[in-house]
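> Structural data only, the sequence is not supplied:
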């Protein structure tokens with residue numbers, strides 16, 4: 001049986017509020033977990049300001065490099081929400097009122113509430129495909145391999161289910177975590193040897209301190225047998241060093 005080709009993606013977080021620290025980015029984690037589960041490997045994440053030239057230049061680089069690009073933020077009703085017009089410019093297509101999006105928003109709001117600011121959320125790149133929003137009405141959109149989502153974490157999360165059939169992934173990326181009561185320096189050489197012997201498997205070590213000092217080793221691969229093989233090699237040196245395995 002032929003294995004599915006590897007599929008990759010990048011995430012582009014757009015917003016001055018993220019760069020200033022006023023707002024904490026949780027969308028990267030939400031998107032990465034979801035994408036990994038459907039076989040799309042996130043290879044790069046960028047955070048950029050609400051500046052048209054930066055959005056256009058960054059988007060053109062990412063969309064030519066990765067299978068998929070997911071943008072978050074900048075598609076709301078205020079003056080600094082410029083993601084949709086910037087994406088239009090990046091693709092060299094018209095920025096206009098999307099008739100279907102306009103109807104959805106007009107129906108969503110009470111009479112008299114669909115003001116100019118809210119109407120701005122219906123402006124999108126020409127012929128964009130809508131990403132429906134079950135939470136707050138305002139849809140996201142998709143142009144070629146670029147998917148534009150809102151920055152509000154709860155709304156973004158609610159929209160992912162409707163995208164699952166739109167994304168063609170490879171084999172889902174599996175992972176295994178081994179948590180140890182040790183420090184990284186104690187296992188560094190042994191872990192490096194395992195990684196060098198298994199270059200097609202991603203192995204990472206992450207210190208933690210939640211009432212106890214330790215290191216979590218995370219093994220990631222599309223192939224469960226390769227994960228199992230690395231797990232055996234790691235447990236071998238863990239036992240030889242009498243390092244305690246802990247449950248987190």
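Thanks, I have the structure now. Since the model is a prediction, treat every value here as computed from it, not as a measurement.

> correct me, but residue 62 touches residue 9?
No: the pair residue 62 / residue 9 is not scored as a contact, 9.2 Å apart, by CB atoms under 8 Å. Every residue, glycine included, has its C-beta placed from N, CA and C.

> tell me, what's touching these two both at once?
Shared contacts of residue 62 and residue 9 (CB atoms under 8 Å, 6 or more residues apart in numbering): residue 69.

> residue ranges with poor pLDDT in the chain?
Along the chain, segments meeting pLDDT under 70 span 1-4, 210-211, 248.

> Okay, domains of the protein per the record?
7-166, 174-245 (automatic domain parsing).

> Now mean neighbour count too, for those domains, in JSON lines please.
Converted to JSON lines, the domains of the chain look like this (neighbours: other CB atoms under 10 Å):
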{"stretch": "domain 7-166", "mean neighbour count": "17"}
{"stretch": "domain 174-245", "mean neighbour count": "15"}
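
> how about the helices of this protein, start to end?
Along the chain, counting by DSSP state H, helices occupy 16-19, 27-37, 52-65, 83-91, 99-108, 116-119, 153-159, 184-197, 224-240.

> want to throw those into TSV with distance to residue 141?
Compiled in TSV, those are given as follows (distance: least, CB to CB, whole Å):
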stretch	distance to residue 141
helix 16-19	21
helix 27-37	16
helix 52-65	13
helix 83-91	7
helix 99-108	8
helix 116-119	15
helix 153-159	11
helix 184-197	41
helix 224-240	37
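
> closest to residue 167 out of those?
helix 27-37 (7.6 Å; CB to CB).

> Show me what the closest one is packed against.
strand 7-14, strand 40-48, strand 68-72, helix 153-159 (3 or more CB pairs under 8 Å, 6 or more residues apart in numbering; DSSP states H and E).

> what's in contact with stretch 191-206?
Against stretch 191-206 from outside (CB under 8 Å, 6+ apart): 184, 187-188, 215-221, 226-227, 229-230, 233-234, 237.

> Please repeat the previous calculation with a cut-off of 10 Å.
41, 173, 175, 177-180, 182, 184, 187-188, 214-223, 226-227, 229-234, 236-238 (CB atoms under 10 Å, 6 or more residues apart in numbering).

> ok, now stretch 49-59?
10, 12, 14-20, 46, 48, 69, 71, 73-74, 78-83, 85-91, 146, 148.

> ok, residue 215 touching residue 190?
No: applying CB atoms under 10 Å, one finds residue 215 not in contact with residue 190, separated by 11.8 Å.

> between these two, what contacts are shared?
Taking CB under 10 Å, 6+ apart as the criterion, residue 215 and residue 190 both touch residue 243.

> Report the separation between the residue nearest to residue 171 when sequence neighbours are not counted and residue 36.
Closest residue to residue 171 apart from its sequence neighbours, by CB to CB, 6 or more residues apart in numbering: residue 222 at 3.9 Å. Plainly put, residue 222 is 10 Å away from residue 36 if you go by CB to CB, to the nearest Å.
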